[in-house]
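can't give you the sequence, but here's the structure:
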């Protein structure tokens, strides 16, 4: 039973354009959501997070949007750069940051 | 500041062998955890600890043991390796209200 779903295994975007990565969740108890970025042969690194009391959070080129009624969140990267090419994991949890549930990941390729 | 260090980077085991995956962090984080990453499955939580002497099971704990005798170290033990445990293992740590910091992983193959 996948509580966090990333339905697009891969995404290709031209450099300079917007990348939109999507994530759906089923557990209404989740109260925070995170995005992690992973390069090959490295561990995931934290990118950006959002609390369930917000609907948007920005950090430079990265913006996360949360639609609680649809149980959907998205990560926007503008403008996309070749160095953004990586696997992006959506993650969710409740209470403390323990027992975070991860999605299956979306591989982003930014084409120069 | 090394962050989260995992050893070894690669390991091949035969079915039935035992081994310990090491994880150490130097950030004085209370929380540590182990995940496994399998194709199409994302990262799944194996075991976690909220402090020295305290451990609990995650989503996929069977076949694995952990202990937390110090704040810094959180080893993962495979008692009798099985081919189903072939995976990439990630250790992570955080403050109790902080985002996870991951190590670079151990790639384990069980033949």
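Received it, and whenever you're ready, just let me know what you need. None of the values given here were measured: they were computed from a predicted structure.

right, and chain B sits closest to which residue of chain A?
At 3.1 Å from chain B, residue A:43 is the closest residue in chain A, using Cβ to the nearest Cβ. Any C-beta I mention is one placed from the backbone N, CA and C, and that applies to glycine too.

who touches that residue in this structure?
Listed by Cβ atoms under 8 Å, 6 or more residues apart in numbering or on different chains, the contact set of residue A:43 reads B:4, B:90, B:92, B:102, B:103, B:104, B:105.

could I get the residues you listed as CSV with distance to chain A, secondary structure and neighbour count?
Shown next, in CSV, are the contacts of residue A:43 (distance: Cβ to the nearest Cβ, whole Å; DSSP: H, G, I helix; E, B strand; the rest coil; neighbours: other Cβ atoms under 10 Å in any protein chain shown):
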residue, distance to chain A, secondary structure, neighbour count
B:4, 7, strand, 23
B:90, 5, strand, 25
B:92, 8, strand, 27
B:102, 3, strand, 24
B:103, 5, coil, 25
B:104, 5, coil, 16
B:105, 6, coil, 23
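
of those residues, closest to residue B:62?
residue B:90 (18.2 Å; Cβ to Cβ).

which parts of chain B sit against chain A?
B:4, B:31, B:33, B:35, B:40-45, B:48, B:50, B:58-59, B:90, B:92, B:94, B:96-105 (Cβ under 8 Å from any Cβ of the partner chain).

hang on, isn't residue A:9 packed against residue A:107?
Yes: at 6.5 Å, residue A:9 counts as touching residue A:107 under the criterion of Cβ atoms under 8 Å.

what's the farthest-apart pair in the contacts of residue A:43?
Farthest pair in the contacts of residue A:43 (Cβ to Cβ) is B:92 and B:104. Separation: 11.3 Å.

pLDDT below threshold where in chain A?
A:1, A:96-98 (pLDDT under 70).
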